[in-house]
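Colleague: turn this into a model:
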Amino acid sequence: MKHASDRATSTHTARSTAVDIDSERGTLTLTIKIALRGVSQRALLRRPERLRAEVENLVEGVLATPRPTASVKRLAAQVSAPQTAVRTTQAQGKFGVTSSSHIHQVIANEAEDRDLEVSALARELFERGLSRLEERLWDESSTSVLADFARTYEHFETDENKQWSLRVPRKVYIRGQLLAKEHELSRSRLACWCLAMGLELEVAA
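Modeller: Numbering: from 1, shown residues only. Presented below is the predicted three-dimensional model:
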């Protein structure tokens with residue numbers, strides 16, 4: 001991955017990650033070495049092309065900002081910051097959802113049983129379903145995974161639909177947006193599928 005630059009060579013090492021930067025003939029070469037730990041991290045080796053594309057998009061986005069160094073520092077701070085903030089204070093994104101009335105009622109009933117707000121439980125279920133979708137897409141055919149999610153939602157489908165808003169943390173919203181675009185899904189359909197899968201996982205837990 002190269003970018004025009006006249007900066008001198010530098011090396012930065014943090015924990016198990018090493019970053020080497022070399023400049024030559026007006027280009028900058030960035031090499032990232034990561035010691036993978038645990039099953040979830042080693043799973044990255046199975047889809048290196050996807051990981052490479054995500055990293056390239058991230059780097060290009062940072063370099064396109066007016067102050068790349070400041071952007072890197074903000075990203076590092078967000079990643080390392082303790083997750084103790086109340087959800088409602090976080091930046092959020094909103095999915096406009098058109099779902100069956102039945103699945104919305106199921107979520108409402110479950111929220112009442114757990115003494116939660118419907119919006120809070122819907123957010124939890126969506127995040128759980130989205131995480132499962134991302135996890136399976138690393139190792140399985142996207143066609144079979146998406147078909148499985150579609151079948152899960154079919155259990156909740158009825159003739160009557162309901163339009164409502166699903167608010168999730170900004171980072172989760174961006175993850176959902178990217179997946180929907182990658183697999184040519186509407187954001188509403190993705191939300192419905194992830195909510196249905198979240199409910200299924202809730203029952204299985």
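Colleague: how about the residue nearest in space to the middle of the chain, nearest residue that isn't a chain neighbour?
Modeller: The residue lying closest to the centre of the chain (C-alpha atoms, centre = their mean) is Arg175, at 2.9 Å. Among residues not flanking Arg175 along the chain, Leu130 sits closest, at 6.4 Å (C-beta to C-beta, 6 or more residues apart in numbering). Glycine gets a C-beta too; all of them are placed from N, C-alpha and C.
Colleague: on contacts alone, who are the packing partners of the helix or strand where the one you found lies?
Modeller: Using DSSP states H and E, the element containing Leu130 is helix 118-139. If contacts are counted by 3 or more C-beta pairs under 8 Å, 6 or more residues apart in numbering; DSSP states H and E, helix 118-139 sits against helix 101-113, helix 142-154, strand 161-169, helix 170-182, helix 187-204.
Colleague: how does it look with 6 Å?
Modeller: On a contact count with 3 or more C-beta pairs under 6 Å, 6 or more residues apart in numbering; DSSP states H and E, helix 118-139 meets helix 101-113, strand 161-169, helix 187-204.
Colleague: tell me the helix or strand right after the helix or strand bottoming out on mean pLDDT in the chain.
Modeller: Ranked by mean pLDDT, DSSP states H and E, the weakest helix or strand in the chain is strand 10-14, scoring a mean of 41. Counting by DSSP H and E, the next helix or strand C-terminal to strand 10-14 is strand 17-24.
Colleague: could you give the mean pLDDT of that next one?
Modeller: When pLDDT is averaged over strand 17-24, the result is 76.
Colleague: how about it: buried residues?
Modeller: Ile21, Ser23 (16 or more other C-beta atoms under 10 Å).
Colleague: direction included, what does whichever helix or strand comes after that strand pair against?
Modeller: Counting by DSSP H and E, the element after strand 17-24 in chain order, helix or strand, is strand 27-34. Next to strand 27-34 in the sheet, as set by DSSP bridges, lie strand 2-4 (antiparallel), strand 17-24 (antiparallel).
Colleague: could you dump the ones you listed to JSON lines with distance to Thr98?
Modeller: JSON lines is the format used below for the strands paired with strand 27-34 (distance: least, C-beta to C-beta, whole Å):
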{"stretch": "strand 2-4", "distance to Thr98": "42"}
{"stretch": "strand 17-24", "distance to Thr98": "42"}
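Colleague: relative to Val97, which of those is closest?
Modeller: strand 17-24 (37.7 Å; C-beta to C-beta).
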